[in-house]
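> I would like the atomic coordinates for the input below:
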Amino acid sequence: MDMRYGRQVKLVFAIVIMLLLVSCSNERSSNREMDPPYITIERQDPLHNLSNSKFTKKIVDEKTIRELGASINHLPEFPRGIIHCPADNGVQYEMDFHNSLDDRVVLVHATGCQQVQVNSKTYWAMEPKGNGFRALLIEKLGLSEKEFLGG
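Residues are numbered from 1 along each chain as shown. Presented below is the predicted three-dimensional model:
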């Protein structure tokens, strides 16, 4: 009789532990779902052409995040074949989406062919094909065209 009682206590203890673990796991995931979305954007200068390439911005406005995300989603695919791109100084912007757009990392090339890389796909932001994405990004970054290009 004592052995059965001991087994029952162990079983109840194991069930309580499992319930606690499941509860903690659900709490963590629901907290992540409630975290507000934001984007961190950082200017990069891989060719080292700028005297001061430092620029970072955090966007927390949900409407702006939705606008930028929708604009990226509407970019056309980059054309195939040989393309000659003007004045490429290498300036690019890395956009890290947090708690939105599947936590994507988007790389926007500011000059040259103005491609936008999302995961393994490349899109085209050069106007008129870019559907205003570039202008929207410049506006939301609070930069002039010249500053956006690294000048």
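> so the most centrally placed residue in the chain: helix, strand or coil?
Central residue of the chain (C-alpha atoms, centre = their mean): residue 97, 2.4 Å from the mean position. Three-state call for residue 97 (DSSP: H, G, I helix; E, B strand; the rest coil): strand.
> mind checking how far it is from residue 46?
To residue 46, residue 97 is 21 Å away according to C-beta to C-beta, to the nearest Å. Using the backbone N, CA and C atoms, a C-beta is placed for each residue, glycine as well.
> assumed residue 66 was part of a helix.
Yes. When three-state DSSP is applied, residue 66 is found to be in a helix.
> run a quick neighbour tally on it.
By the measure other C-beta atoms under 10 Å, the count of residues near residue 66 is 13.
> apart from its neighbours in sequence, what residue is nearest it?
Nearest non-adjacent residue to residue 66, counting by C-beta to C-beta, 6 or more residues apart in numbering: residue 100, 7.9 Å away.
> residue 54 versus the one you found, what's the distance?
With C-beta to C-beta as the criterion, residue 100 and residue 54 are 25 Å apart.
> which of those two has more neighbours?
Remark: of residue 100 and residue 54, residue 100 carries more neighbours, 16 against 8, as counted by other C-beta under 10 Å.
> isn't that one right next to residue 65, touching?
Yes. Using C-beta atoms under 8 Å, residue 100 makes contact with residue 65 at a distance of 5.6 Å.
> shared neighbours of these two, anything?
Both residue 100 and residue 65 are in contact with 37, 39, where contact means C-beta atoms under 8 Å, 6 or more residues apart in numbering.
> can you pull the contacts of the closest residue to residue 79 other than its chain neighbours?
Once flanking residues are discounted, residue 79 sits nearest to residue 124: 6.7 Å by C-beta to C-beta, 6+ apart. If you count contacts by C-beta under 8 Å, 6+ apart, residue 124 has them with 75-79, 113-116, 130.
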